[in-house]
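J.: Let me see the structure of the following:
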Amino acid sequence: MARTAEEAKAQAEATARARTVGAEQNATVAGEETFTLFAKALSQSSPTIRAKIAQQLKDAGIYRGKVSGEFNNRFYDALIEAEKRRAELATVIDVPDRYDFIASLAVEGEGGGDGGPSVTESLTLLTDDKAKALIDAVIQDQLGRKANAAEVARYTKLVRKAQKASPTVTTAQKVGGRTKVTTTGGFDAGQYLLDQVSGTNEGKANKVLGFYETFMRALGAD
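T.: Here you go, the predicted model:
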């Protein structure tokens, strides 16, 4: 609750910014998570990850505050500005994901003039809805039934723990006047859940080779 007129004004401005982002920036690329979910994931990630992104935004000339691991108004404003630039670019060309885009802004920006690579460690956690949908799909295909509430809770916890241990590392560097972005690491939640479910006693008992191979192909495995 706001205690002063200035705090009330700041809260109102933050709400207005969030509504603007929700209305205009949430559908930059069809099928991807909304900006709101992206920002929320950052607010819940580690201070180390936020500090790296804050530094990249500062190198891009967007973030003017002190670089730290805090999720504050200046950091959020900088994220919104980066999202606006990405949305504008997306109207004419395909754009990289938000982490890669911010990394490329840092390389091209005002503060990153030393030519050295910009490295970002990003972390994406499954939302409750996406986790449930994926767990339901894997258990339905592997065990021939729906997942129960206990399984959804247990596998959601397991997959998020595994995601936190396997962040995506993005390196952006200017090469010959162009920005080269390389992404390594990351985590395949579908494959992880498949391994977990198929390795249970029930999974082993219900495993049919042709069925298993069909689902593996659906996940994109060789």
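J.: Quickly list the domain ranges of this protein.
T.: The record's domain parsing of the chain by automatic domain parsing lists 1-117, 124-165+188-222.
J.: what's downstream of the lowest-mean-pLDDT helix or strand in the chain, the next helix or strand?
T.: Lowest on mean pLDDT, DSSP states H and E among the helices and strands of the chain sits helix 5-24, with a mean of 53. With elements assigned by DSSP states H and E, the helix or strand that comes after helix 5-24 is helix 35-44.
J.: list the helices and strands that next one packs on?
T.: When contacts are defined as 3 or more C-beta pairs under 8 Å, 6 or more residues apart in numbering; DSSP states H and E, helix 35-44 sits against helix 5-24, helix 47-59, helix 73-90. Where C-beta positions appear, they are placed from N, C-alpha and C, glycine not excepted.
J.: that older thread, kindly reformat the domains of the chain as JSON lines and extend each row with distance to Thr182 and mean neighbour count.
T.: Converted to JSON lines, the domains of the chain look like this (distance: least, C-beta to C-beta, whole Å; neighbours: other C-beta atoms under 10 Å):
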{"stretch": "domain 1-117", "distance to Thr182": "9", "mean neighbour count": "16"}
{"stretch": "domain 124-165+188-222", "distance to Thr182": "18", "mean neighbour count": "15"}
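J.: Make a markdown table out of those and add distance to Ala172.
T.: A markdown table is the format used below for the domains of the chain (distance: least, C-beta to C-beta, whole Å):
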| stretch | distance to Ala172 |
| --- | --- |
| domain 1-117 | 4 |
| domain 124-165+188-222 | 18 |
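J.: between those domains, which gets the lowest average pLDDT?
T.: Per-stretch mean pLDDT for these is lowest at domain 1-117 (a mean of 76).
J.: I believe Gly61 is in a helix; please confirm or correct that.
T.: No. Assigned with DSSP: H, G, I helix; E, B strand; the rest coil, Gly61 falls outside any helix and is coil.
J.: So which of the domains of the chain is nearest Val181?
T.: domain 1-117 (5.1 Å; C-beta to C-beta).
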